[in-house]
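Novice: kindly generate the corresponding structure for this input.
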Amino acid sequence: MKKIICLILILLFIGYQLTVNLVRGADDPTVEDLQKQIDTLNRAREQSVNATKPLEGQLGSLKLQLAQLQASLQVLSNKINQREKDLNIRKEKLIELLAIFNSRVSKDYKNGYALDTISIVFGSSGKFSDRLYRLTTINENHKIIHSISEEVVGLINEKDKLEKDKTKLASLQAQVDKNAQFIAGEVAKAKKYQADLSNQIAQLSAQQQQIIAQKLSALNIPKSAYTAQGGCV
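Specialist: Okay, here's the model as predicted:
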């Protein structure tokens, strides 16, 4: 029973000393000043975080837009490359047909197969049919050449349009990228500012804890209040 009473007295004494020192610490101008600074910094950090959120949303949207523009540019580049291949194929075909056409026309005129009015009226039916066939063949070749020429012109026009579209998209991409870089820079500045505030808050909090620890260490408990044998003296 004596031990219990001594223990209760010791606990009451410790509680009293803690209460007194904590009250004094709360009234201490240094602790109060530190707390005011911490509160001010916390408010500033919170305001900065709230102001940064819309910028982060804009940055996310711009990055998505950049990705979409890049995909569109890639599609256009692929189409332009394909049109270039198609154009080269049609050009080669056109050159080949023109060579054949010129060769046949030249050969027919050299061999006297030109279809004139006298040949039609007075020529034999066999020669006439042969000449007519050759002329028909030349005309057919001419139609094919004309058709391929139109395809070549169409491919050139389509390629030009794709290249213009690509130029416009590239310009838009550059503008969006410029805006994204600007906003990213602002967000980075805000994050750095918030980190600096957090460091200042941590330093001030550490000072507060040090002051409180010093006050708690100032508690004086008599060594004779509780003996090694657990009894009061």
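Novice: going forward, measure contacts between C-alpha atoms and count neighbours the same way
Specialist: Will do.
Novice: quick check: Arg45 touching Gln194?
Specialist: Yes - with contact defined as Cα atoms under 8 Å, Arg45 and Gln194 form a contacting pair (5.5 Å).
Novice: which residue ranges of this protein form helices?
Specialist: For the chain, applying DSSP state H gives helices covering 2-27, 29-110, 117-122, 125-217.
Novice: for the longest one, name the packing helices and strands.
Specialist: Helices and strands in packing contact with helix 125-217 are listed as helix 2-27, helix 29-110; criterion 3 or more Cα pairs under 8 Å, 6 or more residues apart in numbering; DSSP states H and E.
Novice: apply 10 Å and report the result again.
Specialist: Applying 3 or more Cα pairs under 10 Å, 6 or more residues apart in numbering; DSSP states H and E, we find helix 125-217 packed against helix 2-27, helix 29-110, helix 117-122.
Novice: that one to helix 29-110, inter-axis angle?
Specialist: 170 degrees (axes from the mean of the first three to the mean of the last three Cα atoms, to 10 degrees).
Novice: quick one: mean pLDDT for helix 125-217?
Specialist: Across helix 125-217, pLDDT averages out at 83.
Novice: ok, the third one next?
Specialist: Confidence over helix 117-122 (mean pLDDT, whole number) is 45.
Novice: export the helices of the chain to a markdown table and tack on mean neighbour count?
Specialist: Converted to a markdown table, the helices of the chain look like this (neighbours: other Cα atoms under 10 Å):
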| stretch | mean neighbour count |
| --- | --- |
| helix 2-27 | 14 |
| helix 29-110 | 15 |
| helix 117-122 | 11 |
| helix 125-217 | 15 |
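Novice: contacts only, for Ala51.
Specialist: Taking Cα atoms under 10 Å, 6 or more residues apart in numbering, we find Ala51 in contact with Arg45, Val187, Ala190.
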